[in-house]
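Engineer: Pasting the sequence and the predicted coordinates here, then a few questions.
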Amino acid sequence: MKPMGSIPADFGADRPLRIAGETAETWVARAGDTPLFVYDLSIVAARIARFRAAMPVGIDLHYAIKANPYAPMLAAMAPLVDGFDIASVGELAMALRHKPAPTISFAGPGKRDDALAAAISAGITINVESLGEAIRALNFAERSGVTPRLAIRVNPDIELRGSGMRMGGRASPFGIDADQAAAVARTVITAGADWRGWHIFAGSQALDAGAIIETQAATLELADRLSDAVGMQPPLVNLGGGFGIPYFPGEQPVDVEAIGAALGERLGERDRSGTRHAIELGRWLVGEAGVYLTRIVDRKISRGETFLLVDGGLHHQLAATGNLGTVVRRNYPVAIASGAGGDIETVSVVGPLCTPLDRLADRVSLPTAQVGDLVAVFMAGAYGLTASPTAFLGHALPRELLVGASTEP
């Protein structure tokens, strides 16, 4: 038997599983079939309210829509957050349906000329990742007669300790090295661009509040140093994000209140009049709000090991199978969502794909389940469907539902 992460407290311990007050089977019936992603907006809204209460005045909240770009989610999130952060032309089109252009920013390396043109024409902010990208943006702006909104993404000389994905403190395709960033900013300002400030992202998926506090302090110091070198106070400093969620055994939620208190103290140490600060979050806002529901289609025993074969798998939930950047495979929290459950047994939950990688849970303890029962995979609100190889083997796409807070269909 192998341990698994804890089921998010929002879902409680009652069985059958309830999501937004209704059973999992009710939502499957409403959607029409499994596999199904269900996202509870009330959990997302509570996260946003918690963030607002914890952070000092003047901190904007941006949603990184790559975490979950489901259209009803974007529509519901738009009035609750201050901006959308995007990473492609496809996401640009999604974002513009729900937020005004000045509240949207575009990050990511390797932006093609047509992507830069679309962003400039739309009037959104581009976080430029290199001097070459800045020059290409300026050249298009000059030809088109449009003033571009350009921020400088900085590759900081710091990293976020304990983060699942480190984005700073090393050679990187992301951003302009800190010792070159001020010079690039002066270039875009001299060329007549609308300079929108700094975007400094040091890492993601961190649970250590102390590490995040330390990184935010260093990020503010770096932004101050760069602004002094430019000789202008920036309109915005995007401090990045990094707030993680506890997927695995032994992990604890990040202390957002401690982060907010420390950030407030740090911001009070220097006059930054005219500059707003933003924190960019994705998975912390939506990750724990999602549940992936998949139905058992077969039950078998092979060489003494019990397998529950379900109709969903890594083609929808790649991260849960340990195949999205995880070095050591560990179990997401899962549960039998149907019925009260029987005796506890050790089982592996596996999908329908022709690969041994398609394993949603590896030798976990669950109540005895039968063909037709639902299995719930938690932590499914971020980097689920759109971060998975949906075309692999040609299986049908899963359904999605946004529920809670008067969103039920």
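Structural biologist: The structure has been received and is ready for your questions. Please read these numbers as outputs of a predicted model, since none were measured by experiment.
Engineer: Enumerate the positions of stretch 31-42 that are buried.
Structural biologist: By neighbour count on 16 or more other CB atoms under 10 Å, the buried set for stretch 31-42 is Ala31, Thr34, Pro35, Leu36, Phe37, Val38, Tyr39, Asp40, Leu41, Ser42. Every residue, glycine included, has its C-beta placed from N, CA and C.
Engineer: Do me a favour and average the pLDDT over it.
Structural biologist: Across stretch 31-42, pLDDT averages out at 98.
Engineer: Can I get it in PDB, CA atoms only?
Structural biologist: Coordinates of each C-alpha in stretch 31-42 appear next as PDB, following Å, rounded to 0.1, in the frame of the first residue of the first chain:
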ATOM      1  CA  ALA A  31     -23.500  16.400 -17.700                       C
ATOM      2  CA  GLY A  32     -24.600  13.200 -19.400                       C
ATOM      3  CA  ASP A  33     -21.700  10.900 -18.900                       C
ATOM      4  CA  THR A  34     -18.200  10.300 -17.500                       C
ATOM      5  CA  PRO A  35     -15.300  11.200 -17.600                       C
ATOM      6  CA  LEU A  36     -16.300  14.600 -16.100                       C
ATOM      7  CA  PHE A  37     -14.400  17.500 -14.600                       C
ATOM      8  CA  VAL A  38     -16.500  19.400 -12.000                       C
ATOM      9  CA  TYR A  39     -15.300  22.800 -10.800                       C
ATOM     10  CA  ASP A  40     -16.800  24.400  -7.700                       C
ATOM     11  CA  LEU A  41     -16.800  28.100  -8.200                       C
ATOM     12  CA  SER A  42     -17.700  28.800  -4.500                       C
END
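Engineer: in what helix or strand does the closest residue to Phe51 other than its chain neighbours lie?
Structural biologist: Leaving out its chain neighbours, the residue that sits closest to Phe51 by CB to CB, 6 or more residues apart in numbering is Leu61, at 5.8 Å. Per DSSP states H and E, Leu61 falls inside strand 59-64.
Engineer: quick one: that strand to chain centroid distance?
Structural biologist: Distance, stretch centre to chain centre, for strand 59-64: 12 Å (CA atoms, centre = their mean, to the nearest Å).
Engineer: Can you list the buried residues in the next helix or strand after it?
Structural biologist: Using DSSP H and E, the helix or strand that follows strand 59-64 in sequence is helix 71-77. Neighbour counts over helix 71-77 (16+ other CB under 10 Å) mark Met73, Leu74, Ala76, Met77 as buried.
Engineer: Now do the residue lying closest to the second one once chain neighbours are set aside: how many residues are near it, please.
Structural biologist: Meaning Leu74. Spatial nearest neighbour of Leu74, chain neighbours left out: His98 (4.9 Å); criterion: CB to CB, 6+ apart. The number of residues packed near His98 is 18, by other CB atoms under 10 Å.
Engineer: Starting from Thr147, give me the distance back to Asn191.
Structural biologist: Rather than Asn, residue 191 is Ala. Look at Ala191 and Thr147: by CB to CB, to the nearest Å, they are 10 Å apart.
Engineer: between the two, who's got more neighbours?
Structural biologist: Per other CB under 10 Å, whichever of Ala191 and Thr147 has more neighbours is Ala191, with 18 against 13.
Engineer: Tell me which helix or strand the closest residue to that one other than its chain neighbours sits in.
Structural biologist: Sequence neighbours aside, Leu138 is the residue nearest to Ala191 in space, at 4.8 Å (criterion: CB to CB, 6+ apart). Using DSSP H and E, Leu138 maps to helix 131-144.
Engineer: Convert the C-alpha atoms of that helix to CSV, please.
Structural biologist: Provided in CSV are the C-alpha atoms of helix 131-144 (Å, rounded to 0.1, in the frame of the first residue of the first chain):
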residue,chain,number,x,y,z
LEU,A,131,16.0,42.2,-26.5
GLY,A,132,15.2,40.6,-29.9
GLU,A,133,11.6,40.3,-29.0
ALA,A,134,11.4,43.9,-27.8
ILE,A,135,12.9,45.1,-31.1
ARG,A,136,10.5,43.0,-33.2
ALA,A,137,7.6,44.4,-31.2
LEU,A,138,8.9,48.0,-31.7
ASN,A,139,9.3,47.4,-35.4
PHE,A,140,5.8,46.2,-35.8
ALA,A,141,4.5,49.1,-33.7
GLU,A,142,6.3,51.6,-35.9
ARG,A,143,4.9,50.1,-39.1
SER,A,144,1.4,50.0,-37.8
